[in-house]
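Enquirer: Need coordinates for the following:
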Amino acid sequence: MIDQGSSPAFSRECPACGRRVPSRVAACRCGQLLDETSGASEAAVARERPAVGAKQERKRTPLLVMIAATVITSGSALGIYDAILQRQTEEDPAPQAVAIASRPAAAPETPSPSTDAAADPVAEVPAAETTAGALPPNAMPGAGAVAVPTMPVTTAAALSSLEDVVGRAMPAVVRVETSGGFGSGFFIAPDTILTNVHVVAANTSVTIRRPDGTTMSARVDASAPELDIAIVRISNPNPNQPTLPMGSGMQARPGQEVVALGTPLGLQNTVTRGIVSAVRAVNGVTLVQTDAAINPGNSGGPLLDRTGSVIGIATMGMRSAVAQGLSFGVAIEHAQGLLAGQRSAATGTPAASLNQAMSARQGQTEADAARDTSTRNYEQLIAVSARRADDLDSRWRVFKESCYEGKIVGSFEREWSALWDARAMQGAVSQGCGAAFNELKRVADDIRAGVQAAGENARRAGVYPGAQRDIRQRYRLQNPAWDR
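Expert: Okay, the predicted model is just below:
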């Protein structure tokens with residue numbers, strides 16, 4: 001009798017384990033799949049179908065073995081296997097990759113040693129599972145492999161908090177004191193301070209008061225009245241002095257947040273906050289308009305953006321029944337030009353130019369315009385007299401210490417005004433100091449005459465008495481005794 005188990009007509013040899021397998025059986029007991037017509041190994045079949053993962057291969061093999069064992073006596077085994085194989089080989093691998101990529105990243109599994117894994121190099125590094133441990137660069141874990149645009153860091157996130165900006169800037173902001181008043185300023189270099197011309201007035205030297213209360217002397221190195229910018233220098237600078245960087249006022253945008261620092265109304269270390277309302281060019285000067293409060297004493301202080309850079313020098317604020325929240329700073333670019341030795345082609349002053357522009361838009365009459373011009377001329381004459389008065393202050397102190405024996409009774413804006421009050425000087429001039437005393441009195445008489453002449457011309461030009469009084473008080477030249 002023919003041995004069907006060893007006859008080639010009834011059996012075939014498994015290429016994996018060498019066993020003889022009946023021809024009707026689709027898979028060997030070792031798990032190797034057999035091709036009915038050619039007896040080709042599973043390795044040949046694997047080359048004709050897409051590579052699948054080791055996990056899928058291990059899961060599929062027991063299923064096929066059970067199916068083959070169940071239908072080994074029926075002629076339908078090959079039909080069932082072909083159907084299963086066709087379905088698996090026709091599956092699109094792309095959805096599988098997406099499904100795997102959508103799972104959270106996990107540590108790769110270490111395959112257990114087996115004959116199949118050792119014999120099949122594809123099973124060691126499954127193609128479908130090579131992406132399972134790492135998500136695509138724009139994918140979010142657990143959310144599927146959907147491309148998520150990389151969000152750029154927003155400007156607001158890159159900026160420091162407002163408290164940090166102010167904290168860094170405050171040590172660089174100082175109070176600028178003169179004999180006629182005070183204002184603000186800020187360091188841009190250990191030996192250089194920027195402020196307003198109308199803060200330093202006609203003085204050649206000023207006193208700088210730091211936030212901690214310490215003071216130092218400084219000289220006015222350069223001034224540009226047409227820009228209302230003055231440069232003040234320190235003789236013995238502190239190399240560790242905090243300074244402020246300069247940005248751009250001409251590039252400021254409406255709605256941009258700004259901060260004003262200074263000493264308004266004598267209150268040092270004060271901060272106000274607002275936005276840029278507009279950037280305006282008036283008679284050759286670029287002004288940054290803001291609703292941040294700029295009060296008397298803020299003049300000369302920095303106007304900062306949210307990076308802590310100076311975009312403007314606070315120069316004026318307008319407060320009236322019809323104008324609220326109108327404050328202006330001179331764009332910092334003008335100061336940069338002045339520091340480089342360049343002079344502006346602007347005319348007048350920023351305040352005068354702005355007032356003129358606003359008056360023209362409000363339908364100001366010619367008489368009002370002429371009065372405003374006369375008021376500005378009057379202030380310029382008073383400023384000249386104030387400069388001479390400041391010099392006389394110093395000479396008077398020397399005279400009192402070395403040539404005057406006695407006391408001075410009364411209160412005077414400038415003490416040498418006692419020269420015109422016989423009851424005030426209750427003492428005697430030292431011997432040999434008569435000439436010095438007479439020279440002091442001559443200079444004082446000239447100053448008084450200049451103030452009186454300027455006042456008379458202003459009266460004839462229609463300048464209001466109240467405007468004259470305010471200007472004289474600003475320059476400390478208001479003295480009732482002069483009118484006697």
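
Enquirer: drop to CA atoms for contacts and neighbour counts, all remaining ones
Expert: Will do.

Enquirer: what sits against Arg414?
Expert: Asp393, Arg476, Leu477 (Cα atoms under 8 Å, 6 or more residues apart in numbering).

Enquirer: Please report phi then psi for the first one.
Expert: Backbone torsions of Asp393, given as degrees, to the nearest 10, read phi -60, psi -50.

Enquirer: Could I get the contacting residues of it?
Expert: The neighbourhood of Asp393, defined by Cα under 8 Å, 6+ apart, consists of Arg414, Glu415, Trp416.

Enquirer: mind putting the contacts of Arg414 in TSV, distance to Ala224 and pLDDT included?
Expert: As requested, the contacts of Arg414 are exported to TSV (distance: Cα to Cα, whole Å; pLDDT from 0 to 100):
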residue	distance to Ala224	pLDDT
Asp393	25	88
Arg476	22	83
Leu477	24	85
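
Enquirer: Tell me the one among those residues nearest to Gly284.
Expert: In terms of Cα to Cα, no member of these lies closer to Gly284 than Arg476, at 31.5 Å.

Enquirer: Lowest mean pLDDT among the helices and strands, pick that one out for the protein.
Expert: Ranking every helix and strand in the chain by mean pLDDT, DSSP states H and E puts helix 121-124 at the bottom, with a mean of 34.

Enquirer: Next, count neighbours for the nearest residue to Thr349 once chain neighbours are set aside.
Expert: Of all residues not flanking Thr349 in the chain, Glu226 sits nearest, at 4.4 Å (Cα to Cα, 6 or more residues apart in numbering). Residues near Glu226, counting by other Cα atoms under 10 Å, number 21.

Enquirer: distance of Glu226 from Phe186?
Expert: Using Cα to Cα, to the nearest Å, Glu226 is found at 20 Å from Phe186.

Enquirer: Ok, Met425 next?
Expert: 42 Å.

Enquirer: Comparing these two, which residue is more hemmed in?
Expert: Neighbours were counted for Met425 and for Phe186 using other Cα under 10 Å; Phe186 has more, 30 against 19.

Enquirer: Determine whether the claim that the more buried one is in a strand is correct.
Expert: Yes. Counting by DSSP: H, G, I helix; E, B strand; the rest coil, Phe186 is located in a strand.

Enquirer: My understanding was that it contacts Ser299; is that so?
Expert: No. Look at Phe186 against Ser299 with Cα atoms under 8 Å: they stay out of range, at 10.9 Å.

Enquirer: which residues are common contacts for the two?
Expert: Joint contacts of Phe186 and Ser299 (Cα under 8 Å, 6+ apart) are Thr195.

Enquirer: Is there a neighbour count for Ile294? I'd like the number.
Expert: Using other Cα under 10 Å, Ile294 has 30 neighbouring residues.

Enquirer: Now it: closest residue in space that isn't a chain neighbour?
Expert: Distance criterion Cα to Cα, 6+ apart; nearest residue to Ile294, sequence neighbours excluded, is Gly317 at 5.1 Å.
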